[in-house]
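Participant: Coordinates for the following, if possible.
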Amino acid sequence: MRIFWLYFRVGVMNELQYRVNFFIQLLQALIALGVGLAGLALVFQHTTSLDGWSETELLAVVGVYTIMGGLINMAIQPNMQRLMNEVQDGTLDYALTKPADSQLIISVREVRIWQVVDIITGAVVLGVAVAQLGATIGVWEALAFAAALLMGGLLIYSFWIIATTGAFWVVRMDNILELFQGIYQSGRWPVTIYPEWLQVGLTFLIPVAFAVTVPAEALTGRLTWQTLALAGALTVALLGFARWFWRRGLRRYSGASA
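Facilitator: Next up is the predicted model:
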């Protein structure tokens, strides 16, 4: 936590040098939210539910999608992008020679603080949805939502670290960013509306379902303890595999000083 807090402070100070970025990010967040809500309104002009999801429940999905997207763009993606560049340039030595765990260092070095705008925007949308859902949300739903959101974030992190570690074998991994962003767009809607083959891919290959749909299911009373247990087991397994894969990848690294 001390190392994370140190890098967080440095990241905030760096970002505060360019405060106009806040207004740019705010504009981008509002445009993205407007497009998402417009699409939602368009769908419900022709139907009263989408695969059993009401408009308010899908609003909760949009809120979770926006929050998770903000977290990814604020802390996960920047660090993984920097890691890919350093593996390509042979400058990862600066991180590996520090007296701390290398995976921890490469996971917390970059913080894009203005992405918090997305998190706040998503929280507002989610708050509106929760207020409209009202009495259907109890203590169990709230705790399940918090647990599912945490595990979803860890699963996305694990996916990113595994994919980025591939740069030790295949140096040019730049397209992974565009690939992930394109696939993550599918999280605007519950994965249950997609064909079965795509549901499997969005659940176990790229865990969009666990990152967005499962937390939204917790708030809408759809989440079962079996699904939550599966999310927990998958989170532990993927974190463990990511750790092992990272250590294996490091053996392939040849830096500028190697």
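
Participant: what ranges do the strands span in the stretch 151-258 of the chain?
Facilitator: For the stretch 151-258 of the chain, applying DSSP state E, counting those that start in this stretch gives no strands.

Participant: so where's it shaky on pLDDT?
Facilitator: 171, 255-258 (pLDDT under 70).

Participant: Mind jotting down where the helices sit in the stretch 151-258 of the chain?
Facilitator: Secondary structure of the stretch 151-258 of the chain (DSSP state H, counting those that start in this stretch): helices at 175-184, 196-200, 208, 214-219, 225-250.

Participant: Distance to residue 102 added to those, as JSON lines?
Facilitator: Every residue, glycine included, has its C-beta placed from N, CA and C. Compiled in JSON lines, those are given as follows (distance: least, CB to CB, whole Å):
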{"stretch": "helix 175-184", "distance to residue 102": "20"}
{"stretch": "helix 196-200", "distance to residue 102": "33"}
{"stretch": "helix 208", "distance to residue 102": "28"}
{"stretch": "helix 214-219", "distance to residue 102": "31"}
{"stretch": "helix 225-250", "distance to residue 102": "7"}
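
Participant: Format those as TSV; extra columns: mean neighbour count and distance to residue 140.
Facilitator: Below are the helices of the stretch 151-258 of the chain laid out as TSV (neighbours: other CB atoms under 10 Å; distance: least, CB to CB, whole Å):
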stretch	mean neighbour count	distance to residue 140
helix 175-184	14	28
helix 196-200	12	25
helix 208	26	24
helix 214-219	27	9
helix 225-250	15	9
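
Participant: so which of these comes closest to residue 139?
Facilitator: Comparison of the helices of the stretch 151-258 of the chain against residue 139 by CB to CB identifies helix 214-219 as nearest, at 11.7 Å.

Participant: could I get the closest one in PDB with only the CA atoms?
Facilitator: Taking C-alpha atoms only, helix 214-219 is exported to PDB below (Å, rounded to 0.1, in the frame of the first residue of the first chain):
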ATOM      1  CA  VAL A 214     -22.400 -10.100 -12.800                       C
ATOM      2  CA  PRO A 215     -22.200  -7.000 -10.600                       C
ATOM      3  CA  ALA A 216     -25.400  -5.700 -12.400                       C
ATOM      4  CA  GLU A 217     -27.100  -9.000 -11.700                       C
ATOM      5  CA  ALA A 218     -26.300  -8.600  -8.000                       C
ATOM      6  CA  LEU A 219     -28.200  -5.300  -8.000                       C
END
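
Participant: Need the residues that contact that helix.
Facilitator: The contact list for helix 214-219 (CB atoms under 8 Å, 6 or more residues apart in numbering) reads 57, 60-61, 63-64, 126, 129-130, 133, 137, 141, 144-145, 147-149, 151-152, 190, 223, 227-228, 231.
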